[in-house]
Structures are given as structure tokens and as C-alpha cells.
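Chemist: my questions concern the predicted model and sequence given below.
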Amino acid sequence: MPSTAQPPYWGKLLRSGSRGPDVALVQTWLNSVRRRWTAIRPVKVDGRYGSATAMAVKTFQMVAGLHSDGEVGPETWDGLYQAAADQSAPDNIYPGIPLRMGQSGATVKSAQQKLQALVLSLEADGDFGEKTREAVQAYQTVEGLNEDGVIGRRTWNDLFGL
């Protein structure tokens with residue numbers, strides 16, 4: 001049964017020129033839903049919202065019956081999440097790129113919420129700042145991971161119990 005937990009829509013419109021972990025997560029979801037909708041072209045998961053990602057989003061929007069503008073706002077975010085959930089269990093799926101200082105969005109907020117179990121004073125605000133980096137390093141120390149303050153695949157999978 002697919003999970004209904006999802007990274008909350010962060011409120012930032014994703015479109016051509018956007019960058020970061022939320023874009024990488026959308027790219028991961030797009031590749032996941034290709035099993036159902038083969039018209040969606042595969043995209044490189046690199047966290048950069050270029051023309052291939054915009055076209056894949058636009059195709060997803062068309063096949064899913066959403067407004068087709070090639071941008072990811074609340075309706076597309078939720079629709080894409082649900083479509084990916086129907087294919088697999090994407091809640092807490094590694095977004096495809098490491099999370100680090102200066103990044104922001106729903107993916108960062110999800111990681112912060114997990115880190116709050118260890119560092120209660122950490123605010124889950126979606127901004128990866130110094131306090132988040134310190135919380136990541138503390139978590140990595142406790143778990144015997146490389147203490148670099150970056151949430152790569154190994155730290156992510158450990159944090160989310162994958």
C-alpha cells in the first residue's frame with residue numbers, strides 16, 4: 001500500500017532555471033511515473049530544471065489531466081507525488097543529489113523533521129543553514145557515518161530507515 005506521507009509543498013514554483021533538491025526529487029518522480037506513462041521522456045536527475053525537465057513535466061501534466069504549463073506548482077507537485085506513490089513508495093526516497101548548506105525546499109524540510117528526533121532545537125524551516133549542518137554532523141557521528149555535514153545517499157537512507 002503506498003504511503004500518503006509526502007514532503008509538503010514548499011511554496012516555491014519550480015520552473016526552467018530552478019535548481020536544488022526539490023527539482024531533483026521531481027526528476028526522480030518523473031522517471032518513476034514513466035512506467036505508467038511511457039510518453040514521458042526520461043530526465044537526468046541533477047537538480048537543474050532545464051528544457052528536458054520542463055518537457056517531461058508538461059507531458060506529465062497533459063497525461064494526468066492537469067494544467068499543462070511545464071511548471072511545478074502545488075497541483076503538479078501533489079499530482080506527481082501521488083502518481084509516483086502509485087508506482088512505488090516515494091515518501092522519503094533519496095532526491096538524487098546531496099543536500100548541503102544553502103539549499104532549501106520541501107526535501108530539506110523533510111530531512112530536518114527526521115533530524116529533530118536527535119536535535120530537538122532544530123527548526124524544520126526548509127533552509128539548510130549552519131544549524132542543520134551541525135545537526136547532520138551530530139547524526140553522522142552517532143550513526144558512525146562520514147561526518148561531512150552533507151546528506152548524501154548513505155546518510156539519507158540511514159536517516160529515513162531505508
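Modeler: Yep, it's here.

Chemist: show me where pLDDT drops low in the protein?
Modeler: 1-10, 87-92, 162 (pLDDT under 70).

Chemist: nearest to the spatial middle of it, which residue is it?
Modeler: Computing the C-alpha centroid of the chain and ranking residues by Cα atoms, centre = their mean puts Leu25 first, at 3.4 Å.

Chemist: in which helix or strand does that one reside?
Modeler: helix 21-33 (DSSP states H and E).

Chemist: that helix packs against which elements?
Modeler: helix 51-63, helix 74-87, helix 106-115 (3 or more Cβ pairs under 8 Å, 6 or more residues apart in numbering; DSSP states H and E). For every residue, glycine as well, the C-beta is placed using N, CA and C.

Chemist: on that earlier part again, for Val150, see how far away the spatially closest residue to the residue nearest to the centre of the chain that is not a sequence neighbour is.
Modeler: Nearest non-adjacent residue to Leu25, counting by Cβ to Cβ, 6 or more residues apart in numbering: Pro95, 4.1 Å away. Counting by Cβ to Cβ, to the nearest Å, the separation of Pro95 from Val150 is 13 Å.

Chemist: okay, the two: which has more neighbours?
Modeler: Pro95 (30 against 16; other Cβ atoms under 10 Å).
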